[in-house]
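# need the 3D shape of this:
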Amino acid sequence: KVLEKIDEVTKQIEAVSDRKLVESLSNTMEERLTKFEEEIISRKSRKFNRDTFDYKTGQIYTFARKFDYW
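Purely as a prediction, here's the structure:
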């Protein structure tokens, strides 16, 4: 009986640690995404930078390559 209880508690602890791991992973992914978005915005706002971001394909094209692409 006691061993069963210990197993149960161990499983609960593992489930919680798994959930925490998943949360931390998704948080780091969100952080990376926001950093990426900030980088794109800063690239767009820079005066002499001619990179353009294609939101449909998710790629950054230089000004000349954008027209080649079309």
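# and residue 2, how far is that from residue 9?
Per C-beta to C-beta, to the nearest Å, residue 2 is found 11 Å from residue 9. Just so you know, the C-beta spots here come from the backbone N, C-alpha and C atoms, and that holds for glycine as well.
# more neighbours: these two, which one.
Ranked by neighbour count (other C-beta atoms under 10 Å), residue 2 and residue 9 place residue 9 first, with 10 against 6.
# so which helix or strand takes in that one?
helix 2-45 (DSSP states H and E).
# what is that helix packed up against?
Helix 2-45 sits against strand 52-54, with contacts defined as 3 or more C-beta pairs under 8 Å, 6 or more residues apart in numbering; DSSP states H and E.
# now for this structure, the helix or strand with the poorest mean pLDDT.
Least confident element among the helices and strands of the chain, by mean pLDDT, DSSP states H and E: helix 63-69 (a mean of 50).
# what about residue 40, how many neighbours?
15.
# correction: residue 17
The burial count for residue 17: 10, using other C-beta under 10 Å.
# how near is it to residue 10?
11 Å.
# tell me the mean pLDDT over the helix holding residue 9?
Mean pLDDT, taken over the full extent of helix 2-45, equals 80.
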